[in-house]
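Trainee: One predicted model, sequence on top.
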Amino acid sequence: MLPRVPLPEFLKKKCIEPITESEKRRPEPTTADGNKELAEEHLAKGRVHQAITRYKKAAHMENTPDHRTDLGDAYAYAELPLKALQQYRRALKCNPNTPEPHFSLADVYTRYGKWRAAIAEYTRAVELDPSNAFYRYKLAYAYTQISCTLDAIAQLQEAVSLRPKDPFYRFELASLHADVRQDEEAVNQMECAVALSPADDYYAVRLAMLCARTGLLERAADMYREAIRLEPGKLAYRFLLADVYACLGCEERAQDEYSAASEIDHYDVDFVLRARRFMLGGCW
């Protein structure tokens, strides 16, 4: 599967490996699969345009949805979305019941802010491959862009059912529950995310914020302390722990944490302000 987020041009240039003499002497592939294999090698070495040439040859040899989608993905990776769009549409002409080109087409629509068109294509991809949790996640995200949060929650609930041990989907679902003030369910899902990924300090902090927002101050303090243990240099976490201590009436401990966070930089200050707004009931 090709990366969905293209590298910046300056990174692409740094990553390009020159074609070796042995590669130049390699016999010309005579099949579509042979060209696809060579395209993937070029792509792995940062040679995007050579990869496109090989994907083109594969698609000309065998005009299948898979080869057209591969070519479209390569164009998208090269920041040529209109050419990618053309290939995805050709893939769907070959077979409209293939989920991948619907999904890839939706990704292109999101680049242009065409969220309803993207939702239509993501929905079709989900219909054709209902067990794909990532498709459901992308559909959920598109729903959030047109303020259909409950529809987004429904899709992420399905994603969690499909991938119950993946903390990412738990975290995303918890965040959406929090956005619509379904705080108890948000806490439950975030607890699951933390349990599944105990070394992730950000999950621990987001759980702490949710607990503070719902009045579970002791649990919030526990999770802030855990986040500090995982990432001791993050002064924002100490500042937020101090806030919780102050709410618990532990003034001395609060002052100790505020003092420990005295050299907080402006990036962490912004994080603290967002966290405080969230704990007061706002959106993250």
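Mentor: That came through, no problem.
Trainee: what bits of the chain have low per-residue confidence?
Mentor: Within the chain, the ranges that satisfy pLDDT under 70 run 1-15.
Trainee: which residues in it form strands?
Mentor: Remark: no strands are assigned in the chain by DSSP state E.
Trainee: separation between residue 248 and residue 190?
Mentor: To residue 190, residue 248 is 21 Å away according to CB to CB, to the nearest Å. (Each C-beta comes from the backbone N, C-alpha and C, glycine too.)
Trainee: Pick out whichever of these two has more residues nearby.
Mentor: Taking other CB atoms under 10 Å, residue 248 and residue 190 do not tie; residue 190 has more neighbours (27 against 14).
Trainee: Would you confirm that that one contacts residue 205?
Mentor: No. Residue 190 is beyond contact range of residue 205, at 10.1 Å (criterion: CB atoms under 8 Å).
Trainee: can you give me the helices for the stretch 51-200 of the chain?
Mentor: 65-77, 81-94, 99-111, 115-128, 133-145, 149-162, 167-179, 183-196 (DSSP state H, counting those that start in this stretch).
Trainee: Single out the most deeply packed of the ones you listed.
Mentor: Most buried of the helices of the stretch 51-200 of the chain, by mean neighbour count (mean count of other CB atoms under 10 Å): helix 65-77, with a mean of 25.
Trainee: Identify all contacting residues around it.
Mentor: 1-3, 6, 32, 36, 39, 43, 48, 51-52, 55-56, 58-59, 61, 81, 83-88, 90-92, 94-95, 98, 100-101, 104, 107-108 (CB atoms under 8 Å, 6 or more residues apart in numbering).
Trainee: ok, now stretch 212-232?
Mentor: Residues outside stretch 212-232 that contact it (CB under 8 Å, 6+ apart): 178, 183-184, 187, 194, 199-202, 204-205, 207-209, 211, 234, 237-238, 240-241, 243-245, 247-248, 278-281.
Trainee: buried subset of those?
Mentor: Among the contacts of stretch 212-232, those classed as buried by 16 or more other CB atoms under 10 Å are 178, 183, 187, 194, 200-201, 204-205, 207-209, 211, 234, 237-238, 240-241, 243-245, 278-279.
Trainee: Return the subset of those lying in helices.
Mentor: Members of those lying in helices (criterion: DSSP state H): 178, 183, 187, 194, 201, 204-205, 207-209, 211, 237-238, 240-241, 243-245, 278-279.
Trainee: Residue 173 and residue 163 touch, don't they?
Mentor: No. Here residue 173 does not reach residue 163: they are 11.0 Å apart, not a contact under CB under 8 Å.
Trainee: about what we covered before: please identify which of the helices of the stretch 51-200 of the chain is closest to residue 272.
Mentor: Nearest to residue 272, of all those, is helix 167-179, at 17.8 Å by CB to CB.
Trainee: Packing partners of that closest one?
Mentor: Applying 3 or more CB pairs under 8 Å, 6 or more residues apart in numbering; DSSP states H and E, we find helix 167-179 packed against helix 133-145, helix 149-162, helix 183-196, helix 201-213.
Trainee: tell me the angle the third one makes with helix 201-213.
Mentor: It refers to helix 183-196. Angle between the axes of helix 183-196 and helix 201-213 is 150 degrees (criterion: axes from the mean of the first three to the mean of the last three CA atoms, to 10 degrees).
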